[in-house]
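Participant: Need a 3D model of the following:
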Amino acid sequence: MMTLRRRSFLAGAGALATAPAAVFGQAPRIFKFAVVGCGGRGSGAVQNIRAAAERLGHKAVLVAAADYFQEKAAAVCKANGCDEKFAFGGAGGYKKVLESDAEIVLLATPPIFRPLHLEACVKAGKHIFAEKPIATDAAGLRHFLKGVAEAKTKNLSILSGTLHRHSNRFLRQIGPVQNGAIGRILAGQVYRCQGGIWVRPRREKESNAAYLCNNWYHFWEMSGDQITEQAIHEIDLANWFIGRFPKTAMAIGARHRRPAGIGDIYDCMAIDYDYGDSVHVQAIGRHISGCSDRLGTLLVGSEGEVACGGKITRFDGKGVAYDEARIKDRHENGLIMEHCDFLCGLLDGKLINEGEQVAMSTATTIMGTFSAYSGRTVRLSDLLTNTESEFYNMNATFTAADFERTDDIPMPAEGAAPVPGKA
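Facilitator: Residues are numbered from 1 along each chain as shown. Below you'll find the model as predicted:
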């Protein structure tokens with residue numbers, strides 16, 4: 001299993017906390033960037049990096065865009081002053097983007113594509129924003145981590161989409177908690193319970209590949225399911241504040257109210273993560289309308305508790321000094337600040353590489369999902385190193401590269417979800 005020293009693990013979210021103020025006054029620089037994946041998150045990331053560059057006294061210019069659906073790439077180009085001739089469609093459109101003079105590439109396609117696209121970006125010598133999550137199965141995790149290692153050898157920066165590590169309300173807490181404000185962390189709860197999500201039914205004469213790319217969230221092969229695609233934010237907070245990754249996951253889940261005949265994912269899961277040393281975190285995810293909503297991460301220690309992003313409470317009633325110095329001069333919008341920190345690293349040579357961190361938090365979520373699907377305990381090593389494990393090869397029946405074939409993708413069964421155990 002991959003491990004990180006506690007100090008280096010905690011450093012990633014705040015090492016450049018004061019960097020924006022430090023770079024004001026530099027000669028203006030133009031950052032040329034491209035985006036692969038032009039849906040809501042990709043188009044949002046374009047705006048975020050442009051705002052970040054402007055905040056730093058520089059400029060970020062879009063020079064190319066790609067999406068499976070060319071019209072989406074064209075719309076992003078049009079909205080951001082890029083000639084639409086540099087908008088590329090199809091599964092291989094990212095290759096055209098990598099031929100551009102962009103020094104930065106934003107990756108925001110459905111998660112199944114992240115490992116392949118990261119590998120290609122690294123080979124092309126590009127700095128990378130890799131939106132979370134970064135894989136949907138064990139093979140994808142290992143593929144992504146291989147690319148991360150190669151990026152380090154080529155001195156390339158990788159920013160992940162785990163924006164809480166760059167957000168003020170969490171940065172002001174992490175230092176005090178790390179320094180013992182709540183004592184030794186003993187347990188935690190994670191919640192990602194919300195209403196349902198968008199559905200895009202299959203269009204007439206639509207290929208399997210196009211349908212999967214359009215309605216990607218509803219297939220675990222494409223999105224990783226809810227815990228991986230969305231609850232990764234709250235689970236990543238638990239990993240960050242605890243300072244290590246869980247060893248095992250044991251989970252239950254079900255499919256109650258997903259649209260009939262569409263997709264193959266669950267709509268609720270409950271997971272017990274065992275971090276060792278008797279530390280357990282319970283994670284609950286639900287996507288059902290008409291139920292109680294709750295989002296957040298709460299950790300309980302021997303001397304107090306922390307509502308991550310909220311309040312630190314000591315059991316003895318004493319006050320806690322938050323680390324306000326760490327967030328001085330930082331923007332309140334974490335979506336912008338993560339790109340500020342990313343660009344600051346390119347400016348001063350202190351490059352961010354969050355690839356391993358986001359891969360391991362993605363692995364944490366996949367552990368839980370695979371446990372719910374199978375009814376069995378899943379170890380982190382089962383996904384990464386234990387080649388004898390059934391979960392090491394519990395992978396999708398198609399890969400990102402298959403979308404570039406001339407024939408169509410095999411279609412997963414719809415309207416059903418994995419059933420654990422035996423009758």
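
Participant: Where do the strands of this structure begin and end?
Facilitator: Secondary structure of the chain by DSSP state E: the strands cover 30-36, 59-66, 87-88, 104-107, 127-130, 158-160, 185-194, 248-254, 268-274, 280-287, 294-301, 304-307, 312-314, 378-379.

Participant: hey, which of these is tucked in deepest?
Facilitator: strand 158-160 (a mean of 28; mean count of other Cβ atoms under 10 Å). No exception for glycine: its C-beta is placed from N, CA and C like everyone else's.

Participant: related to what we said a few turns ago, could I get the strands of the chain as TSV with distance to Ala413 and mean pLDDT?
Facilitator: Compiled in TSV, the strands of the chain are given as follows (distance: least, Cβ to Cβ, whole Å; pLDDT from 0 to 100):
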stretch	distance to Ala413	mean pLDDT
strand 30-36	29	98
strand 59-66	30	98
strand 87-88	32	98
strand 104-107	29	98
strand 127-130	30	98
strand 158-160	32	98
strand 185-194	26	98
strand 248-254	17	98
strand 268-274	20	98
strand 280-287	20	98
strand 294-301	31	98
strand 304-307	41	98
strand 312-314	47	98
strand 378-379	23	98
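
Participant: Would you mind telling me which of those strands is nearest Ile232?
Facilitator: For these, the distance to Ile232 is smallest for strand 185-194, at 8.9 Å, taking Cβ to Cβ.

Participant: Name the residues that touch that closest one?
Facilitator: By Cβ atoms under 8 Å, 6 or more residues apart in numbering, the surrounding residues in contact with strand 185-194 are 177, 226-227, 230-231, 233-235, 237-238, 241-242, 278-287, 291-302.

Participant: Parallel or antiparallel, list what pairs with it.
Facilitator: Strand 185-194 pairs in its sheet with strand 280-287 (parallel), strand 294-301 (antiparallel), by DSSP bridges.

Participant: what distance separates it from the middle of the whole chain?
Facilitator: Distance, stretch centre to chain centre, for strand 185-194: 18 Å (Cα atoms, centre = their mean, to the nearest Å).

Participant: Please apply the same query to stretch 279-287.
Facilitator: With Cα atoms, centre = their mean, you get 17 Å for stretch 279-287.

Participant: Helices of the stretch 101-250 of the chain, residue ranges please.
Facilitator: In the stretch 101-250 of the chain, helices defined by DSSP state H, counting those that start in this stretch lie at 114-123, 138-153, 168-178, 208-214, 220-223, 225-229, 232-242, listed in chain order.

Participant: quick one, which of these is packed in tightest?
Facilitator: Buried most deeply of the helices of the stretch 101-250 of the chain, by mean count of other Cβ under 10 Å, is helix 225-229, with a mean of 29.

Participant: Number of residues surrounding Leu343?
Facilitator: 29 (other Cβ atoms under 10 Å).

Participant: Tell me where the longest helix sits in this protein.
Facilitator: helix 355-374 (DSSP state H).

Participant: on contacts alone, who are the packing partners of that helix?
Facilitator: helix 138-153, strand 158-160, helix 225-229, helix 232-242, strand 248-254, strand 268-274, strand 378-379, helix 380-384 (3 or more Cβ pairs under 8 Å, 6 or more residues apart in numbering; DSSP states H and E).

Participant: for this protein, what are the low-confidence residue spans?
Facilitator: 1-26 (pLDDT under 70).

Participant: how about a cut-off of 50?
Facilitator: For the chain, the stretches with pLDDT under 50 are 1-24.

Participant: How is it partitioned into domains?
Facilitator: As recorded under automatic domain parsing, the domains making up the chain are 6-165+331-353, 175-322+361-404.

Participant: could I get the strands of the chain as CSV with distance to Gly421?
Facilitator: Shown next, in CSV, are the strands of the chain (distance: least, Cβ to Cβ, whole Å):
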stretch, distance to Gly421
strand 30-36, 40
strand 59-66, 42
strand 87-88, 46
strand 104-107, 37
strand 127-130, 35
strand 158-160, 35
strand 185-194, 25
strand 248-254, 10
strand 268-274, 16
strand 280-287, 20
strand 294-301, 28
strand 304-307, 35
strand 312-314, 40
strand 378-379, 15
